[in-house]
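> this is the structure alone, sequence omitted:
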């Protein structure tokens, strides 16, 4: 291999792909891009992708030398003192006043604040208001699932997705990677094609790498194409999720072989001729789905708004285009998205379509009933994704597919069985005991893990558990920086879901946290850090507040601000 490119906190081998294509400094410093490692040249004869030397390498992206670690948020100063007991008592009284003044309802709020200055084990819980009450966490579940994945897999773990060959059978082997083919990564990666031209990575080029390699390896012989998604259970949809969300992008199916966020993207056009709007701008392109689709959408008039959408049955990928299309959806506009069913098999069909375009005869497409033989050889690129940028994207952007995949991958690592939701509760409890200590069992007594993203209303956590869990990562020198940096920074316009919150914190103080929302639930958990480096973990969980979500969020911000002021005055 020819060196490395830095992605997140990990350096991974790279030849045919390199960072570039106008990536900003911030993109280079904190990319979230799955690298692609082409096979050794002898694996695929006449491989079309070749490493291209850069005559004026940028040290941050030079594939021929070890790149320096990416710049990160400054390491907090080491605290030299702790607050007095009187000051901590005053903080507890102030937060109780804030909860009472919010008037969100009896049994609606649970609060915990811990001082992260006690070394190993849960920090001192200096504020506890119904902290042991089981609450629905919504997306605060993600701080648990991402932390569990880091604990079980380690900070240097990489997902690896590959194609292997055994005789006339080619199998796509999944590793549970939620980022495989995620369009959010395409803007940060370019590659050079066989003619030396720079190309931006997209769905077609990613599939094309494998299609070209398989076509070259197969020659004129017919092949079978299989998928192996057995690293996860073949239960794609959680029965605790709202069935009304099934077609929405944030509730995509979860599998051991994901692609393109498990959604199809459309940019319809009502400006072309014909009786109906044109829906052929489809990514990834799936010609057979377009051919079998039903189009009952209409063109919008001057006074119409766009109401276009796509429907399908839960266990089918038969599409119906509906609603009013106004004008044309341009490249600058967000596409219309719809989830698809059985992601591994759809990926197999996508690759099969491209192989047939290259003249390859495919005798069958299906799901493998056993892992590929140990003698199977890798064909085409191995797609490697470091865990660090996945954890960051999960927590900062609240990506549900990422949370579920990280949870299931952790479950697989701990049990050796296909990652499943059924095993998640036991695995999280075991990990929590390891992180918090055996004497922390009472903190875990009311915790029940149903999924990894928080979409399920069957999850139950307590505020006291969440602050202890968060504190365990602040105590962990191996994972502290990665974990805390993965959270959204309050008031930072480029840093996720808290970008528009906490803009009035005292100077020098900061909040790194994870918000959560489902119907009637608003939650916030994270860290407050003072200018002198002292840190507190906090959790404010509000349930049954459907009539006052704004009030719940205001309370969360007031609690965090009170902790920040405590840090300045104590």
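Noted; the coordinates are in hand. Everything quoted here is computed from the prediction, not taken from an experiment.
> now stretch 301-311: mean pLDDT?
Regarding stretch 301-311, the rounded mean pLDDT is 92.
> so where's the stretch 101-250 of the chain uncertain?
Low-confidence segments of the stretch 101-250 of the chain (pLDDT under 70): 118-121.
> all helices of it, in order?
Assigned by DSSP state H, counting those that start in this stretch, the stretch 101-250 of the chain shows helices spanning 141-153, 203-218.
> now do the stretch 351-500 of the chain
With DSSP H, counting those that start in this stretch as the criterion, the stretch 351-500 of the chain has helices spanning 387-397, 400-415, 424-436, 441-444, 463-474, 480-486.
> indicate which one of the ones you listed is closest to residue 217.
For those, distance to residue 217 was read as C-beta to C-beta. The smallest value, 28.9 Å, belongs to helix 400-415. No exception for glycine: its C-beta is placed from N, CA and C like everyone else's.
> so what touches stretch 471-489?
With contact meaning C-beta atoms under 8 Å, 6 or more residues apart in numbering, stretch 471-489 is reached by 9, 72-73, 75, 114, 116, 119-123, 143, 146-147, 150-151, 155, 388, 391-392, 394-396, 435-436, 495-499, 510-515, 526-527, 535, 537.
> please redo it, this time with the cut-off set to 6 Å
For stretch 471-489, the external contacting residues (C-beta atoms under 6 Å, 6 or more residues apart in numbering) are 9, 73, 114, 116, 120, 122-123, 147, 150, 155, 388, 391-392, 395-396, 435-436, 495-498, 512-514, 526, 535, 537.
> buried residues, that stretch. List them.
471-476, 479-489 (16 or more other C-beta atoms under 10 Å).
> same check, this time on stretch 416-435
Neighbour counts over stretch 416-435 (16+ other C-beta under 10 Å) mark 418, 419, 420, 421, 423, 424, 427, 428, 429, 431, 432, 435 as buried.
> contacts only, for the second one.
Shown here is residue 419, whose contacts under the criterion C-beta under 6 Å, 6+ apart are 232, 408, 409, 411, 412.
> swap the cut-off to 7 Å and go again
176, 231, 232, 233, 408, 409, 411, 412 (C-beta atoms under 7 Å, 6 or more residues apart in numbering).
> do the first one as well
For residue 418, the residues meeting the contact criterion (C-beta under 7 Å, 6+ apart) are 230, 231, 232, 233, 412.
> quick one, phi psi at it?
Per-residue torsions, residue 418: phi -50, psi 130 (degrees, to the nearest 10).
> quick one on the thing from earlier: distance to residue 211 added to the contacts of residue 418, as CSV?
Shown next, in CSV, are the contacts of residue 418 (distance: C-beta to C-beta, whole Å):
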residue, distance to residue 211
230, 23
231, 23
232, 25
233, 29
412, 29
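> what helix or strand is the residue of the chain most remote from its centre located in?
Residue farthest from the centre of the chain, counting by C-alpha atoms, centre = their mean, is residue 86 at 41.9 Å. Per DSSP states H and E, residue 86 falls inside helix 85-102.
> cool, and residue 337?
strand 336-339.
> chain center to that strand, what's the gap?
In terms of C-alpha atoms, centre = their mean, to the nearest Å, the centre of strand 336-339 is set 17 Å apart from its chain centre.
> just give me the longest helix of the protein.
In the chain, assigned by DSSP state H, the helix with the most residues is helix 549-569.
> average pLDDT for that one?
Helix 549-569 shows a mean pLDDT of 95.
> same thing with stretch 356-366?
Mean pLDDT, stretch 356-366: 98.
> that stretch: which residues count as buried?
Here stretch 356-366 shows 360, 362, 365 as buried, counting by 16+ other C-beta under 10 Å.
> correct me if wrong: residue 180 contacts residue 161.
Yes: Residue 180 lies in contact with residue 161 (C-beta atoms under 7 Å); the separation is 5.3 Å.
> what touches both of these two?
What both residue 180 and residue 161 touch, as defined by C-beta under 7 Å, 6+ apart, is the set residue 383.
> hang on, residue 295 packs against residue 319?
No: Residue 295 is beyond contact range of residue 319, at 9.0 Å (criterion: C-beta under 7 Å).
> tell me which of the two has more neighbours.
residue 319 (23 against 17; other C-beta atoms under 10 Å).
> what's the pLDDT at that one?
At residue 319, the predicted lDDT confidence score is 98.
> for it, give me its contacts.
Contacts for residue 319 (C-beta under 7 Å, 6+ apart) come out as 289, 293, 310, 312.
> please name the nearest non-neighbouring residue to it.
Sequence neighbours aside, residue 293 is the residue nearest to residue 319 in space, at 4.3 Å (criterion: C-beta to C-beta, 6 or more residues apart in numbering).
> same thing with residue 527?
Using C-beta to C-beta, 6+ apart and skipping the chain neighbours, the partner closest in space to residue 527 is residue 512 (4.9 Å).
> the one you found and residue 525 touch, don't they?
No: taking contacts as C-beta under 7 Å, residue 512 lies outside contact range of residue 525: 10.3 Å.
> excluding covalently adjacent residues, which one is nearest to residue 182?
Among residues not flanking residue 182 along the chain, residue 261 sits closest, at 5.3 Å (C-beta to C-beta, 6+ apart).
> please read the previous query as pertaining to residue 296.
Nearest residue to residue 296, sequence neighbours excluded (C-beta to C-beta, 6+ apart): residue 322, at 5.9 Å.
> now the one you found: how far from residue 277?
Residue 322 sits 11 Å away from residue 277, going by C-beta to C-beta, to the nearest Å.
> which one of the two has more residues nearby?
Shown here are residue 322 and residue 277; by other C-beta under 10 Å, residue 277 has more neighbours (24 against 16).
> residues in contact with residue 524?
Counted by C-beta under 7 Å, 6+ apart, residue 524 has contacts 513, 515, 540, 556.
> wait, isn't the first one in contact with residue 525?
Yes: with contacts defined as C-beta under 7 Å, residue 513 counts as touching residue 525 at a distance of 6.1 Å.
> the more surrounded of the two?
Using other C-beta under 10 Å as the criterion, residue 513 and residue 525 rank with residue 513 on top: 31 against 28.
> rewinding a little: out of the contacts of residue 524, who's nearest residue 105?
The closest of the contacts of residue 524 to residue 105 turns out to be residue 540 (C-beta to C-beta; 14.4 Å).
> how close does the closest residue to residue 122 other than its chain neighbours sit to residue 278?
The shortest distance from residue 122 to any non-neighbouring residue, by C-beta to C-beta, 6+ apart, is to residue 468 (3.8 Å). Here residue 468 is placed at a distance of 55 Å from residue 278 (C-beta to C-beta).
> next one: residue 320
With the distance defined as C-beta to C-beta, residue 320 ends up 15 Å from residue 278.
> over to the residue nearest to residue 182: give its phi and psi.
Note on residue 261: backbone dihedrals following degrees, to the nearest 10 are phi 60, psi 20.
> I'd assumed residue 252 was in contact with it.
Yes: counting by C-beta under 7 Å, residue 252 is a contact partner of residue 261 at 6.1 Å.
> just to revisit the earlier point, from the contacts of residue 419, pick the one nearest residue 383.
Distance to residue 383 across the contacts of residue 419 (C-beta to C-beta) is lowest for residue 176, with 12.3 Å.
> great, nothing more from me.
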